[in-house]
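In: below is the structure, and that's it, no one-letter string:
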């Protein structure tokens, strides 16, 4: 069975490095254009996560797939944090903190996807990429808490069972974390 690929690969939008700058339905400020569509790259990443997380390799078919890969790895990091959260309120705070905490971008030595993503061409592009990734991380955290906690005030075991899975044998937090 092949991995799921992004339907946004056909969009001829802007790129930051070789990462697609896709429209996002968000309340956070950032370089991503806003959209009112129900399906955006965040929703697509969440819906494909449970299937894609089992793959050890992933064929990149376009710049939107690179965003999908990054968000899949970020969901894994979020689930590790959510595993320690007793309720929805603590989970929201924890993921908001994770989203804005310091993180590596392509070109940094600690970034696990340097083979898939190109280094930003200059300082301005690096800043824009960091802002875009922060915007995606903030929105992902907000939506993921709603998915994982649902109507109850406790996490779903059907989401948390994926905390130990490593997509492509990679992790955004680095080895041993």
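Out: Yep, that arrived. Fair warning: this is a prediction, and the values are worked out from it, not measured in the lab.
In: switch to C-alpha atoms for all contacts and neighbour counts from now on
Out: Fine.
In: so the residue nearest to the spatial centre of the chain is in which element?
Out: Geometric centre of the chain, nearest residue: residue 71, 1.8 Å, by C-alpha atoms, centre = their mean. Counting by DSSP states H and E, the element that carries residue 71 is helix 63-82.
In: pLDDT of that helix, averaged?
Out: Taken as a whole, helix 63-82 has an average pLDDT of 95.
In: I'd like the average pLDDT over the following helix or strand past that helix.
Out: Next along the chain after helix 63-82, taking DSSP H and E as the criterion, comes helix 88-100. For helix 88-100, mean pLDDT is 96.
In: what residues does helix 88-100 touch?
Out: By C-alpha atoms under 8 Å, 6 or more residues apart in numbering, the residues outside helix 88-100 that reach it are 78, 81-82, 85, 134, 137-138, 141-142, 145, 149, 153-155.
In: check stretch 161-177 too.
Out: 50, 52-58, 72-74, 76-77, 79-80, 83, 110-112.
In: angle of the lengthiest helix in the chain against helix 88-100?
Out: Secondary structure of the chain per DSSP state H: the longest helix is helix 123-149. Per axes from the mean of the first three to the mean of the last three C-alpha atoms, to 10 degrees, the angle that helix 123-149 makes with helix 88-100 is 160 degrees.
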